[in-house]
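1. Could you work out the structure for the sequence below:
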Amino acid sequence: MTQLEELVRQSEVKPATPPSPPPPDDDIDDIPLYAARRKIYPQSVHGTFRRIKWAVLLITLGIYYFLPFVRWDRGPNAPSQAVLIDFPNRRFYFFFIELWPQEIYYLTGLLVLAAIGLFLMNALAGRVWCGYLCPQTVWTDLYMAIERFTEGDRREHMKREAAKWTLETYARKGAKHFLWLMVAWWTGGAWVLYFADAPTLVKELATGEAPFVAYAWIGILTVTTYALAGHLREQVCLYMCPWPRIQAALTDEYALNVTYRYDRGEPRMSAKKAEQLKAQGQHVGDCVDCLQCVHVCPTGIDIRQGSQLGCIQCGLCIDACNNIMAKLGRPRDLIAYDTDLNIKARQEGRQPSYNLIRPRTLLYAAIIAIAGGVMLYTLATRDSEGISVIHDRNPMFVRLSDGSLRNGYTIRIVNKQLKSRDFIVAVDGLPSSLVDFVGLPPRADGRQLVSVGPDQTKEVRVLVTDYSDVPPAASTTVLFSLIDADSGAVAQVRDHFFGSERR
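-> Numbering: from 1, shown residues only. As a prediction, this is how the structure comes out:
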């Protein structure tokens, strides 16, 4: 029997079973709130969307697992890892970008871009993030591939599960779980490599010299990856992930979703029955009820029942249906990315339309462009030096024995470059004042040369004394300037000189 004949045999229409009568009122309390989980055995499939998913899997996991080993030369006194979250030195490195803790707003901007990007994807093609890019989907795809490699495809796997377990069954399951654990272990190991020099940490992990926190996080991520991708799978999408509920509130009627085109598929029946009815001049649908779209679904839903919470828009049912349609000589895309509006338009004899560019998508794209542009501009024009001033709080000012007023400040100088630099610190704003840099020789012009080491900060204690004959105001603005002695770059900040109205 050929594969096509087998599919036709499976698709023969079976008499519908009558619905069960409702339970008596006394038994309602015994009905469970949630149905027991039905184990899903997804079948392998070949096609366009499956190839796209394989490409996304290889690219994303390749980046995740091997990016810590990529080197980037930043010169002396700097780490050479391309992507590094350096907690001890409070730095984040991403190739040529170096971020300090006070630049956390860049992380906020990235989160905003990620959220709006998710909204844009949803407005264009529904839960396309869930179907292709979500980490749960990517790792689950990998785990399913390992499962098929060790235990066979859907039919073979189900047959082994139903039969009495043999030594071969235990061996296959043991190999599967061993490979699952190895993937989970390397997933946790790759994560910690982003927080230290990767080659060095790998050596320390192998010799038992790594810090305990590294082993702890590897263990945590190994367990979570093994549990989520290997065992919970679709349960994460159905019960744990909030995005399906949020996505339903953000979508509209123009977003493309994986859709069963019932205007073309109904009434569904077996291929043999359809040929008989066609010969009689009756209308028949293209769907042969082969259930291939259900068998390949990673969450086990039937897309022909309409939009459902379990559908992650992965498109595997499209590939499965297209393969069947090709074998039967029928048009492709009985299941496709489409909208209910287009189905109704075809039923009414109108041309379908695809409105990808509309106010919603333009607004999301504009927000991404503006936020990304602002971040790039600030990143390109940011200073490599900085100055901040903290005024003494108690007391706000001191009156000296000669009647003059003195304010104290703590100046913090920031050198973001990887070399030592000399800065000129200037204090201006009072017509007659004496600026005393504590621990440094006093200068009459209110300026002082301060050296700051590479990639360091330095605090300088400054006492400003006003000795003018004219009583100062209760608060006078004082300008603190930081000038690079070599390049002349200037950073400035303003503070206040406090005093009384009268002497």
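2. what about the residue lying farthest from the centre of the chain, distance to residue 409?
-> Largest separation from the mean C-alpha position in the chain: residue 402, at 63.9 Å (CA atoms, centre = their mean). For residue 402, the distance to residue 409 equals 21 Å [CB to CB, to the nearest Å]. Yep, even glycine has a C-beta here, placed from its N, CA and C like the rest.
3. do the same with residue 420
-> For residue 420, the distance to residue 409 - CB to CB - is 24 Å.
4. The two: which has the busier surroundings?
-> Using other CB atoms under 10 Å as the criterion, residue 420 and residue 409 rank with residue 409 on top: 19 against 13.
5. partners of the more buried one in the sheet?
-> Applying DSSP bridges to residue 409 yields these beta-bridge partners: residue 391, residue 462.
6. Is it correct that it is in contact with residue 438?
-> No. Assessed by CB atoms under 8 Å, residue 409 is found out of contact with residue 438, at 10.3 Å.
7. shared neighbours, those two?
-> Taking CB atoms under 8 Å, 6 or more residues apart in numbering as the criterion, residue 409 and residue 438 both touch 461-463.
8. just the buried members of these?
-> Buried members of the shared contacts of residue 409 and residue 438, counted by 16 or more other CB atoms under 10 Å: 462-463.
9. Please produce a markdown table containing the shared contacts of residue 409 and residue 438, extended by pLDDT.
-> As requested, the shared contacts of residue 409 and residue 438 are exported to a markdown table (pLDDT from 0 to 100):
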| residue | pLDDT |
| --- | --- |
| 461 | 91 |
| 462 | 89 |
| 463 | 89 |
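10. Can you tell me which of the shared contacts of residue 409 and residue 438 is nearest residue 39?
-> residue 461 (69.9 Å; CB to CB).
11. Provide a list of residues in contact with the closest one.
-> 408-411, 437-439.
12. what's the spacing between it and residue 239?
-> Distance check for residue 461 against residue 239: by CB to CB, it reads 58 Å.
13. now do residue 436
-> 66 Å.
14. Of these two, give the one with the bigger neighbour count.
-> Using other CB under 10 Å, the more surrounded residue of residue 436 and residue 239 is residue 436, with 18 against 11.
15. what are the bridge partners for that one, then?
-> Assigned bridge partners for residue 436, using DSSP bridges, are residue 463.
16. One more: residue 84?
-> Residues in beta-bridge contact with residue 84 (DSSP bridges): residue 93.
17. what's the burial count for it?
-> There are 23 residues near residue 84, going by other CB under 10 Å.
18. ok, now which ones touch it?
-> Neighbour list for residue 84: 91-93, 194-197 [criterion: CB under 8 Å, 6+ apart].
19. if we can go back for a sec, surely the residue farthest from the centre of the chain meets residue 465?
-> No. With contact defined as CB under 8 Å, residue 402 does not reach residue 465; the gap is 9.6 Å.
20. ok, so what distance separates residue 422 from residue 218?
-> From residue 422 across to residue 218, the span is 45 Å (CB to CB).
21. Looking at the two, which one has more neighbours?
-> Shown here are residue 422 and residue 218; by other CB under 10 Å, residue 218 has more neighbours (21 against 13).
22. returning to that earlier point: can you select the buried ones from the contacts of residue 84 in PyMOL?
-> Here is the PyMOL command that selects the buried residues among the contacts of residue 84 (16+ other CB under 10 Å):
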select buried, resi 91+92+93+194+195+196+197
